[in-house]
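What follows is a predicted protein model with its sequence.
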Amino acid sequence: MRTGYDLELVHLTKRYGDTVAVRDLNHVFVKGSYVCLLGPSGCGKSSTLRMIAGHEDVSEGSIVLDSQDVSQLPPALRGTAMMFQNYALFPHLSVRDNVAFSLRMKGVDKAKRHARADEMLALVDMTHLADRLPTQLSGGQQQRVALARALVTEPKVLLLDEPLSALDPFLRIRMRGELKKLQRELGITFIHVTHGQDEALALADEIVVMNDAVIEQSGPARDVWGAPRTEFVARFIGGHNVIALPSGKATVRADAVTLGDDGLAATITAVEYQGASVAVTSKLETGDEVLALLPEEQFFNAPKSPGDAVRLAWDERGLHRLEA
Ligand code: ADP
Ligand code: MG
């Protein structure tokens, strides 16, 4: 076992009958980092998180937190806390009592646990609603309560399973800013499960991309985006084209593709206005589709429509060769 790290997964495996949900994961989550576990539905993200939290048995391998193997400990003794996708608040308890619940279970006296709950509610800006019931709150407010309830136990690692998925797009962007700020203030590790690449890029110090029960790639957000290792990562992280060249498969950044007089012949299949940029999809003679993200001014200087013949080119700097 290593020391000085917050959380380490060692040969972690989860089986449900014949299904292998998580296969031999090995990873170190560095203390105090914001990590996003990113991958499509069914790839094993929630199973991984639930094993770390202790809500799911480990089939094989171990979970080491600050040099201690916690894989056989009950959830409350691990130093982790989980915020669930559906918030799972107790409907008959006030906001304050929801937040104080785990302290009550630990036998903390009422004055003390309420004082602590109020501190947490202040942290998530919910002091004014402490006496309400969960049904009297909006989705965003319920989420803040769930967050306060998870943080009241002073975890070393906070586990968040798709915490923003129930919110509308506007609130989602606002809340993700608040999550990031909170993580910075608390200085603890956040492991945030998401299937949204934009969410992962916006939040993560480190992105761990999962696919089909394994870790496909991990690293700082800019490294993963700038140098996807596999075709899967390139497609899932977005903003890249995967193109077959004589020398092998390569990715080309969508913002590096230009439409001009030279380059590969293609036919435009779709044009989508996105505000600051215009997304132009074209089909090469090989059948490969190529996305070009053009600054809106550049596009409207020489507008194009579906069916138009164009030539596509890109700067070498936008080209990246895949390893696998
Ligand atoms: P994700 O969170 O990435 O969508 P999950 O960890 O929930 O993925 O699921 C991974 C795989 O394990 C899926 O194939 C899923 O159907 C299966 N699975 C998850 N939970 C159970 C369970 N309790 N019993 C049986 N299979 C499960
Ligand atoms: Mg899930």
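Everything's here; your move. Ligands and ions are numbered 1, 2, ... in the order given.

Ser102 contacts Ala76, correct?
Yes - contact criterion Cβ atoms under 8 Å: Ser102 and Ala76 qualify, at 7.0 Å. For glycine as for every other residue, the C-beta is placed from the backbone atoms N, C-alpha and C.

what about those two, which has more around it?
Ser102 (18 against 13; other Cβ atoms under 10 Å).

continuing past the helix or strand containing that one, what's the next helix or strand?
Per DSSP states H and E, Ser102 falls inside helix 95-105. Next helix or strand after helix 95-105 toward the C-terminus (DSSP H and E): helix 110-123.

how is this protein carved up into domains?
As assigned by automatic domain parsing, the chain contains the domains 7-226, 242-321.

Distance to Arg235 and mean pLDDT added to those, as TSV?
Formatted as TSV, the domains of the chain follow (distance: least, Cβ to Cβ, whole Å; pLDDT from 0 to 100):
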stretch	distance to Arg235	mean pLDDT
domain 7-226	10	94
domain 242-321	6	93
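
Common neighbours of Ser102 and Ala76, please.
Taking Cβ atoms under 8 Å, 6 or more residues apart in numbering as the contact criterion, the common neighbours of Ser102 and Ala76 are Thr153.

quick one, what contacts the one residue in the stretch 51-200 of the chain that gets nearest to ligand 1?
Closest residue of the stretch 51-200 of the chain to ligand 1, Cβ to the nearest ligand atom: Val193 (6.5 Å). By Cβ under 8 Å, 6+ apart, Val193 lies in contact with 36-37, 45-46, 49, 159-162.

which two from those end up farthest apart in space?
The span of the contacts of Val193, defined through Cβ to Cβ, is set by Cys36 and Ser46 at 13.9 Å.

all helices of the stretch 201-324 of the chain, in order?
Assigned by DSSP state H, counting those that start in this stretch, the stretch 201-324 of the chain shows helices spanning 221-226, 231-237, 296-301.

picking that back up, more neighbours, Cys36 and Ser46?
Neighbour totals were compared for Cys36 and Ser46, and Cys36 leads with 27 against 21 (other Cβ under 10 Å).

going on from the helix or strand containing that one, what's the next piece of helix or strand?
Using DSSP H and E, Cys36 falls within strand 34-38. Using DSSP H and E, the helix or strand that follows strand 34-38 towards the C-terminus is helix 45-53.

Which strands or helices does that next one pack on?
With contacts taken as 3 or more Cβ pairs under 8 Å, 6 or more residues apart in numbering; DSSP states H and E, helix 45-53 sits against strand 7-16, strand 19-29, strand 34-38, strand 80-83, strand 157-161, strand 189-194.

Return the most buried member of those strands.
Ranked by mean neighbour count, those are led by strand 34-38 with a mean of 26 (mean count of other Cβ atoms under 10 Å).

residue contacts, the residue lying closest to Ala234 once chain neighbours are set aside?
Counting by Cβ to Cβ, 6 or more residues apart in numbering, Ala234 lies nearest to Pro228, which is 3.9 Å off, once chain neighbours are set aside. Contacts for Pro228 (Cβ under 8 Å, 6+ apart) come out as 217, 234, 237, 240, 251, 320, 322.

returning to what we had before: among the domains of the chain, which is the most enclosed?
Among these, the stretch with the highest mean neighbour count (mean count of other Cβ under 10 Å) is domain 7-226, at a mean of 18.

Okay, now that domain: how far is its last residue from its first?
Distance between the boundary residues of domain 7-226 (Cα to Cα, to the nearest Å) amounts to 26 Å.

can you check stretch 69-84 too?
With Cα to Cα as the measure, the ends of stretch 69-84 fall 24 Å from one another.

cool, stretch 87-104 as well?
Stretch 87-104: ends 19 Å apart by Cα to Cα.

ok, Leu201 - contacts?
Counting by Cβ under 8 Å, 6+ apart, Leu201 touches 207, 221, 225, 237.

So it versus Arg222, what's the distance?
9 Å (Cβ to Cβ, to the nearest Å).
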